[in-house]
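Asks: coords please:
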Amino acid sequence: MKLEAIAGNVAHAIKDRSTDTPFVLAVEFTDKDSKGKSATGCVIARMSDHQHYTITSNDFRYMDAGKDILAEELGAFFECDDDLDQRQALIDRVNELVAQDPDNDAELITAD
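Replies: Residues are numbered from 1 along each chain as shown. So this is what the prediction gives:
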């Protein structure tokens, strides 16, 4: 799947979340050198409740994320055809789409 389509799907899922059960959306990227295997890196969007989310770039595959993340409900798992170096572009696009949606009430939580 292409980055723009995944960004739209992730932003839509964030906007439409209506329960407070922890929820995860994971995106892995294709390693071009290995001809289709997952690259060592992912983007994980987590919603602790229906109004707050975090989205992070990680240097590990989703399945290596740790027990706390893996124990949360997996809302969707995407495989992005773009290079691993597009993780920040994906994060920026998701945040942009969420912020632009007039019906959205989800708020990005940053680690400031």
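
Asks: This structure: strands as residue ranges?
Replies: 23-30, 38-49, 52-58, 73-80, 107-108 (DSSP state E).

Asks: helices and strands around the third one, which ones?
Replies: Where contact means 3 or more Cβ pairs under 8 Å, 6 or more residues apart in numbering; DSSP states H and E, strand 52-58 is packed against strand 38-49, helix 87-100, strand 107-108. Where C-beta positions appear, they are placed from N, C-alpha and C, glycine not excepted.

Asks: how about it: buried residues?
Replies: Neighbour-count burial for strand 52-58 flags His52, Tyr53, Ile55, Asn58 (criterion: 16 or more other Cβ atoms under 10 Å).

Asks: neighbouring strands for it, and are they parallel or not?
Replies: For strand 52-58, the paired strands and their directions (DSSP bridges) are strand 38-49 (antiparallel), strand 107-108 (parallel).

Asks: Ok, which of the ones you listed comes nearest Ala5?
Replies: Ala5 sits nearest to strand 38-49 of all the strands paired with strand 52-58, at 14.1 Å, using Cβ to Cβ.

Asks: which parts of the closest one are buried?
Replies: Neighbour-count burial for strand 38-49, with 16+ other Cβ under 10 Å as criterion, is recorded at Ser38, Ala39, Gly41, Cys42, Val43, Ile44, Ala45, Arg46, Met47.

Asks: Just the CA coordinates for that strand, please, in PDB.
Replies: C-alpha atoms of strand 38-49 as PDB (Å, rounded to 0.1, in the frame of the first residue of the first chain):
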ATOM      1  CA  SER A  38       9.800  -6.100   6.300                       C
ATOM      2  CA  ALA A  39      12.400  -3.500   7.000                       C
ATOM      3  CA  THR A  40      13.600  -3.000  10.600                       C
ATOM      4  CA  GLY A  41      11.500   0.000  11.500                       C
ATOM      5  CA  CYS A  42       7.800   0.900  11.900                       C
ATOM      6  CA  VAL A  43       5.400   3.600  12.800                       C
ATOM      7  CA  ILE A  44       3.000   2.900  15.600                       C
ATOM      8  CA  ALA A  45      -0.100   5.100  16.400                       C
ATOM      9  CA  ARG A  46      -1.600   4.400  19.800                       C
ATOM     10  CA  MET A  47      -4.800   5.700  21.200                       C
ATOM     11  CA  SER A  48      -5.100   5.500  25.000                       C
ATOM     12  CA  ASP A  49      -8.700   6.700  24.700                       C
END
